[in-house]
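Visitor: Turn this into a model:
(3 chains)
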Amino acid sequence: MMQLKQSFLGLLSVAFVMSGGIAKADQVDIIALISDTSNPYWKTTEDGLENTAKEMGIKINVYSLQNAADSEGQLNQCEAALLKNPKAIIFSPVDSVNLGSCLRKATEKKIVLVDIDGNIDENRVKEMGSDVAFSVGSNNYEIGKKAAEYLDGQTGKVLIIEGPSSSPNGLFRVQGFQENMGKGLTVIASQPADWDRLKAADITSSVVTKNPDLSIVFAANDTMALGAVEALRALNINSVKVIGIDGTVDAVQSIKEGRLTASVAQLPYLMAKEAIKKTDAFLKDRKALPFRQYVPILTLDQAVFERNDDPLLQYVR
Amino acid sequence: MRTYLGLMFVGLLLLCAVCSFLSDVFLTWPNFLNILTASATIGLLAIGASFIIGSGGLDLSVGSLMALSSVVAIQFSTHSPFPFLQTLCLCLVVAAVAGGVNGFLIGRKIPAFIATLGMLSLARGLALIFSNGRPVYGLPDSILFLGQGRVIGIPVPVFIFLGIILFCHVLLRHTKFGRYSLMIGDNVNAARNAGIRIQRHLIWLYAFSGMLAAVAGLLFMGRVNAADPNAGMMYELTAITATIIGGTSLSGGKASVIGAVLGALIMSVLQNGLTLVNVPSYYQQVAVGIVLIVAVAFGQWRGGHAATN
Amino acid sequence: MLLRIEGLHKHYGGVHALDDVSLSVDTGTVIGLVGDNGAGKSTLMKCVTGAEKPDHGSIVFDGQPIGLTPFDSRQAGIEMIYQDLDLCLRQDVTANIFLGREDLVHLWGMQTPFMNHKAMNESGRALIQTLNADIDVSKEAGSLSGGQRQAVAIARALLHHPKLLVMDEPTAALGVREITKVLNLIRSLKDQGITVILISHRLSDIFEVADRIVMMRHGKIVDDNAVSETSLTKVTQRLMM
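Guide: Presented below is the predicted three-dimensional model:
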């Protein structure tokens, strides 16, 4: 016990002496707080943030979560981030208020705040006393609209697979789709599958069994779209077109193999790149931007991959 | 046990030394307060877990009870003239009743693992139902004060945490309630033959664990400004990890409140330190796993971790 | 006369576990109760401690008919120490002695919820001393030898100031040296005027400490002699019959 204490005290003093001369991980320009990187969407975002920052010579720390619902863990990360005094914090909150107290302190410390992925409500953030410069993300209504436009001129029965009713993004996508759907299409069912592959497959099987003349499935994300694709294949149905959203790696693979018809891709890598660039510009010139900074979206199908000429394709992973 | 706690404390200081070596921010007063605040929620659950594990049981439902109690309390107190008092009472009562049900079932020979696993799912489901699956925003200022307020520059959660540490330490070491909990974990037949009413005690014990979860839930919702039906997910396992790092044996009969708090602090320092040093979250999980195994193995080598006696 | 049992019957289904058992025990004596497994020793003692109810017959203890529950018997002054001792091995000796009967701190005549560790340690130590046992009361029960554990169990029983102590196979799991210690414990109980009923398979132990030896077979008492009037050989022969 005594020896341990002595060796510990020795170590501690050595640590203190050496700590003066060593480069610390503390100096940082931007800290990004993002969600759970086991989700490919956020993994790509992380890559985009880190690579872009590196290219531009910006020092960045990206803090990610182990669990997408860990609102308290993210708050802890945010509090830690404050102590490092970055010039800007780019954040994607777990819910619309969990970072409230931390963002307020950041505003007091004059740290520039940038939302990424567009989940926050501008007014609510203001009410909570923090000043968010702008928000970089996809326009989810526009995404749904793009999907509807892709089906322009087609006719038949449509199944809509929704996200969970608690997700505003999911609701906007479905709204964008329904409000811009061609005249020849009729929605026969619209059910939530909570972003879940299996639930989407079950819904698809039961709807297509009741309505063998189903012609289109629109799912509010790719995971659910791929569930629908599998369900249709299991029933040996090849005539139904399935459209998803996100452009995930799985979805791209599935499109190339001719299973999934199309996916309206969000481009997280591009989103991350834009976020860094715009934040950097804002830090330099302090020129106010409109709050919503939309990132382009891209409809992917086999034809797009065959032509392979769209410049946005470089951001598809 | 005492030797083990001493070693754990040295381990904690060593960890702090390494972190301060890598980050200048780490060894500052504001960061110290950050660590204490961040450890409060898990710390409270870990204290509850030390009582429960000491009694030879297990409570997997605490994370869900955090969510259920806070969601129900907020839903039913929004229009109350005394929102703070009502939220506080409802929160404690809901969690105590759910915990009491756990204790009742366990007293009726349902394994603690099964009973509380059922409650984990049941309470989470009820929390989602009561909140319609969405976090409830806009809490009364008094609740926000619990999570975000400061008194003489020190965050309120830190005061609450310290108060409960003291209360529970006394409860475990100096009252019949604490002693009987350990006796039941040590030799339930002896406790029964000595006239201890096991079934009644288990109800109180699990209700107590639920109430600690409710306080953790209050701090949680005060901090994140929302009564979140998804709050506390997986917290039960983190709490059990902290308790075991703190020297409590899974086989019952031994427990230490101070140990559980040390365990929670170690977890919190790890997370804070690794974040400051910008270690990706994947590696943080690896680190927690290593610390758990090393702590128990080291305890075995030196003798003194109750898990290996 | 401390204990008088008359005409006791007990059936379990078709088994006649106790068949017209009568027995009288004088204050301050040590009775050895012997017999094969299933002879009815345990059933008889369970009737005495209130753990079982006889079908017929009466038990009078200290001039009063015996109560119906273990709690009543304990109140009347009957303690039983089971073979497994019921110790909590991870708790210290004091905690084991006072299990279920903890002393609380009193302030200004009011009872607080806090345990009085100091008082319990002191009286625990005193109790252990009356048994002439050398045990550190702050040690965990699990770290004690078999004989020392027996002493702790006896000390716990003594806390209730019993008039009658029933011990079930106290020496079964012990080595020779430890057995001697336990037999000394029983002698010191007798010196304190406590009546002991000792159930044991080890006849030599019984001959060392008992005043009387009672033999049971098939639910009946078949032999009841003062130790001075019989011998180890005789009893062994009777048991073999």
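Visitor: Indicate the residue of the stretch 201-317 of chain A located nearest to chain C.
Guide: Ranked by CB to the nearest CB, the top residue of the stretch 201-317 of chain A for proximity to chain C is A:Thr223, at 50.1 Å. Glycine gets a C-beta too; all of them are placed from N, C-alpha and C.
Visitor: The helix or strand that that residue is a member of packs against which elements?
Guide: Per DSSP states H and E, A:Thr223 falls inside helix A:222-234. On a contact count with 3 or more CB pairs under 8 Å, 6 or more residues apart in numbering or on different chains; DSSP states H and E, helix A:222-234 meets strand A:156-162, helix A:197-210, strand A:214-219, strand A:241-246, helix A:249-256.
Visitor: Please report how far the residue of the stretch 201-317 of chain A closest to chain C lies from chain B.
Guide: 19 Å (CB to the nearest CB, to the nearest Å).
Visitor: Now for that residue: which residues touch it?
Guide: A:195-197, A:200, A:244, A:246, A:248, A:250 (CB atoms under 8 Å, 6 or more residues apart in numbering or on different chains).
Visitor: Among those residues, which one lies nearest to A:Gly100?
Guide: Nearest to A:Gly100 among these: A:Trp195, at 25.5 Å, using CB to CB.
Visitor: backbone phi and psi for that closest one, please?
Guide: Dihedral angles of A:Trp195 (phi, psi; degrees, to the nearest 10) stand at phi 60, psi 20.
Visitor: just to revisit the earlier point, deepest of the helices and strands packed on helix A:222-234, which one?
Guide: strand A:241-246 (a mean of 27; mean count of other CB atoms under 10 Å in any protein chain shown).
Visitor: Helices of the stretch 51-200 of chain B, start to end?
Guide: Along the stretch 51-200 of chain B, the stretches classed as helices by DSSP state H, counting those that start in this stretch are B:62-75, B:83-107, B:112-131, B:141-148, B:156-174, B:176-186, B:188-193, B:198-224.
Visitor: which one of the ones you listed is the most hemmed in?
Guide: Taking mean count of other CB under 10 Å, helix B:62-75 is the most buried of the helices of the stretch 51-200 of chain B, at a mean of 30.
Visitor: Point me to the residue of the stretch 101-250 of chain B nearest chain C.
Guide: B:Ala194 (3.2 Å).
Visitor: these two touch, right, that residue and C:Asp86?
Guide: Yes - the pair B:Ala194 and C:Asp86 qualifies as a contact (CB atoms under 8 Å) at a distance of 7.4 Å.
Visitor: following the lowest-mean-pLDDT helix or strand in chain A, which helix or strand comes up?
Guide: Taking mean pLDDT, DSSP states H and E as the measure, chain A has helix A:2-19 as its least confident helix or strand, at a mean of 53. Counting by DSSP H and E, the next helix or strand C-terminal to helix A:2-19 is strand A:30-36.
Visitor: Relative to the whole chain's centre, how far out is that next one?
Guide: Here strand A:30-36 is found 12 Å from its chain centre; the criterion is CA atoms, centre = their mean, to the nearest Å.
Visitor: What helices and strands are in contact with that strand?
Guide: helix A:40-55, strand A:60-65, helix A:71-83, strand A:88-91.
Visitor: Listing partners with orientation, what would you give for that strand?
Guide: strand A:60-65 (parallel), strand A:88-91 (parallel) (DSSP bridges).
Visitor: Low-confidence ranges, chain C, go.
Guide: Along chain C, the model assigns pLDDT under 70 to no residue.
Visitor: for it, what spans make up the strands?
Guide: Per DSSP state E, chain C carries strands over the ranges C:3-12, C:15-25, C:30-34, C:56-61, C:64-65, C:78-81, C:104-107, C:110-115, C:164-168, C:195-199, C:212-217, C:220-226.
Visitor: Tabulate the helices and strands packed on strand A:30-36 (CSV), appending mean neighbour count and mean pLDDT.
Guide: Output for the helices and strands packed on strand A:30-36, formatted as CSV (neighbours: other CB atoms under 10 Å in any protein chain shown; pLDDT from 0 to 100):
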stretch, mean neighbour count, mean pLDDT
helix A:40-55, 20, 91
strand A:60-65, 24, 92
helix A:71-83, 24, 92
strand A:88-91, 26, 95
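Visitor: so B:Gly178 makes contact with B:Ile184?
Guide: No - in this structure, B:Gly178 is not within contact of B:Ile184 by CB under 8 Å, at 11.1 Å.
Visitor: what does the stretch 101-250 of chain B put close to chain C?
Guide: B:170, B:174-176, B:179, B:182-183, B:186-187, B:189-191, B:193-196 (CB under 8 Å from any CB of the partner chain).
Visitor: biggest helix in chain C by residues?
Guide: Looking across chain C with DSSP state H, the single longest helix is helix C:176-191.
Visitor: Off-centre distance for that helix?
Guide: With CA atoms, centre = their mean, you get 13 Å for helix C:176-191.
Visitor: So what touches it?
Guide: For helix C:176-191, contacts defined as CB under 8 Å, 6+ apart pick out C:28-30, C:130-133, C:145-148, C:150-151, C:154, C:165, C:167, C:170-171, C:174, C:196, C:198, C:202, C:205, C:208-209.
Visitor: if you set the cut-off to 6 Å instead, what comes out?
Guide: Applying CB atoms under 6 Å, 6 or more residues apart in numbering or on different chains, the external contacts of helix C:176-191 come out as C:30, C:131-132, C:146-147, C:150-151, C:154, C:170-171, C:196, C:208-209.
Visitor: CA atoms only: put that helix into CSV for me.
Guide: Provided in CSV are the C-alpha atoms of helix C:176-191 (Å, rounded to 0.1, in the frame of the first residue of the first chain):
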residue,chain,number,x,y,z
VAL,C,176,-11.3,-33.8,16.9
ARG,C,177,-9.8,-30.6,18.4
GLU,C,178,-12.8,-28.6,17.4
ILE,C,179,-15.1,-31.2,18.9
THR,C,180,-13.4,-30.8,22.3
LYS,C,181,-14.0,-27.1,22.1
VAL,C,182,-17.7,-27.5,21.4
LEU,C,183,-18.1,-30.0,24.2
ASN,C,184,-16.5,-27.5,26.5
LEU,C,185,-19.0,-24.9,25.3
ILE,C,186,-21.9,-27.3,26.2
ARG,C,187,-20.4,-27.8,29.7
SER,C,188,-20.2,-24.1,30.2
LEU,C,189,-23.8,-23.8,29.3
LYS,C,190,-24.7,-26.4,31.9
ASP,C,191,-22.6,-24.4,34.4
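Visitor: List the buried residues of it.
Guide: C:178-179, C:181-186, C:188-190 (16 or more other CB atoms under 10 Å in any protein chain shown).
Visitor: Check stretch A:274-285 too.
Guide: Here stretch A:274-285 shows A:274-276, A:278-280, A:282-283 as buried, counting by 16+ other CB under 10 Å.
Visitor: could you redo the residues you listed as TSV and give each row secondary structure, pLDDT and distance to B:Gly100?
Guide: Converted to TSV, those look like this (DSSP: H, G, I helix; E, B strand; the rest coil; pLDDT from 0 to 100; distance: CB to CB, whole Å):
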residue	secondary structure	pLDDT	distance to B:Gly100
A:Glu274	helix	93	53
A:Ala275	helix	95	49
A:Ile276	helix	95	53
A:Lys278	helix	94	54
A:Thr279	helix	95	52
A:Asp280	helix	94	56
A:Phe282	helix	95	55
A:Leu283	helix	93	55
